[in-house]
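> Next come a sequence and a model predicted from it.
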Amino acid sequence: MIERVNKVSFRGALARTRNCANFLHDSRGVAAVEFGLIALPFLLLVLAILEYSYGNFAQSRLDAVVQQTSREIMTGYVQDQSVAGKPLDANQFRTQIICPKLPAIMSCADLYVDVQSFDAPAGGGAPTTTPYANYVNATKSGLVPPALDNSKNAYCVGGAKKYVVIRVAYPTPVITTAALFPSYSTYKGRKSRVVTSVATFKNEPFPTAYAGC
């Protein structure tokens, strides 16, 4: 009786060992497991590519828009526009001149514009004494972007022969690529990469008499 029980126990143990070995060598479902392991990193990578590409697209389009707008200011086209007989104000300039040039996926509500004009820089003066020095940051490593609040930005497109600086900023969302942009900003409660575009030029001697600023 004892011998029979031992044989049964041995056969049961042997069956369990074979089952474990079969389980370890069973390749069924490997694809599903592997996909589960790489799915999240893959989706994050795709999101990062799309996010970074959108930021670069926004930068490219912003540069093109600023160049077009600069030409319109330089030639006196903007100065010649009016609403109810008055020159365009800052909001009208942004919504009527700049925003129509943006692609549909870029929101006009998130566009920030600063335009300032001044007379010719003093001849022979040091760079730090010219008005252009106001647009360089404290560490002299780059330009100061406009404020992400249009009520704090200036607006003066200047008259004929005036020197003009136009600065435009547009925040793009940052989620997966935050590590690539350590100097990201917080915009509307979310991390954002602020793309900016700057142009400086001298207005042409157009005949329009501009008294807007």
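Perfect, thanks for sending it. Worth saying up front: this structure is predicted, and the values here are computed from it rather than measured. Numbers count the residues shown, from 1 in each chain.
> For the longest helix belonging to the chain, name the packing helices and strands.
Secondary structure of the chain per DSSP state H: the longest helix is helix 30-74. Judged by 3 or more CB pairs under 8 Å, 6 or more residues apart in numbering; DSSP states H and E, helix 30-74 is in contact with helix 77-80, strand 163-173, strand 190-202. Bear in mind the C-beta positions are built from the backbone N, C-alpha and C, glycine included.
> which residues touch the spatially most central residue of the chain?
Central residue of the chain (CA atoms, centre = their mean): residue 172, 3.4 Å from the mean position. The contact partners of residue 172, by CB atoms under 8 Å, 6 or more residues apart in numbering, come to 51, 54-55, 58, 192-195.
> May I ask which of these has the most neighbours?
Taking other CB atoms under 10 Å as the neighbour criterion, residue 193 ranks highest of those with 24 neighbours.
> any weak-confidence spans in this protein?
Within the chain, the segments meeting pLDDT under 70 span 1-35, 121-129, 179, 182.
> where does residue 146 land in three-state SS?
Three-state assignment for residue 146 (DSSP: H, G, I helix; E, B strand; the rest coil): coil.
> Mind listing what's buried along stretch 181-196?
Residues of stretch 181-196 classed as buried: 181, 184, 187, 192-196 (neighbour count, 16 or more other CB atoms under 10 Å).
> Point out the most buried one among the helices and strands packed on helix 30-74.
strand 163-173 (a mean of 22; mean count of other CB atoms under 10 Å).
> Give me the distance between residue 139 and residue 132.
With the distance defined as CB to CB, to the nearest Å, residue 139 ends up 16 Å from residue 132.
> the more surrounded of the two?
Just comparing residue 139 and residue 132: by other CB under 10 Å the higher neighbour count belongs to residue 132, 15 against 6.
> I figured the more buried one hits residue 144, correct?
No. Look at residue 132 against residue 144 with CB atoms under 8 Å: they stay out of range, at 11.3 Å.
> got the contact list for residue 102?
Residues counted as contacts of residue 102 (CB under 8 Å, 6+ apart) are 61, 65, 108, 111.
> Check the residues you listed and tell me the two furthest apart.
Largest separation among the contacts of residue 102 by CB to CB: 61 and 108, giving 12.8 Å.
> Looking at these two, which is more packed in?
More crowded of residue 61 and residue 108, by other CB under 10 Å: residue 61, with 18 against 12.
> ok, the more buried one touching residue 111?
No. Between residue 61 and residue 111 there is no contact under CB under 8 Å: 11.1 Å.
> Could you look up the SS state of residue 151?
What three-state DSSP gives for residue 151 is helix.
> burial count for it?
If you count neighbours by other CB under 10 Å, residue 151 ends up with 7.
> now it: how far from residue 196?
Distance, residue 151 to residue 196, using CB to CB: 18 Å.
> List the pairing partners of the strand or helix carrying residue 186 within its sheet, with orientation.
According to DSSP states H and E, residue 186 maps onto strand 185-187. If you go by DSSP bridges, strand 185-187 pairs up with strand 190-202 (antiparallel).
> Pull out the CA atoms of the strand it pairs with and give them to me as CSV.
Taking Å, rounded to 0.1, in the frame of the first residue of the first chain, the C-alpha atoms of strand 190-202 are listed here in CSV:
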residue,chain,number,x,y,z
ARG,A,190,0.9,73.6,-18.2
LYS,A,191,4.5,73.3,-19.3
SER,A,192,5.2,75.0,-22.6
ARG,A,193,8.0,75.7,-25.0
VAL,A,194,7.7,79.3,-26.1
VAL,A,195,8.8,79.8,-29.7
THR,A,196,9.7,83.4,-30.6
SER,A,197,10.5,85.3,-33.7
VAL,A,198,12.1,88.8,-33.9
ALA,A,199,12.7,91.2,-36.7
THR,A,200,14.2,94.6,-36.8
PHE,A,201,14.2,97.0,-39.7
LYS,A,202,14.0,100.6,-40.8
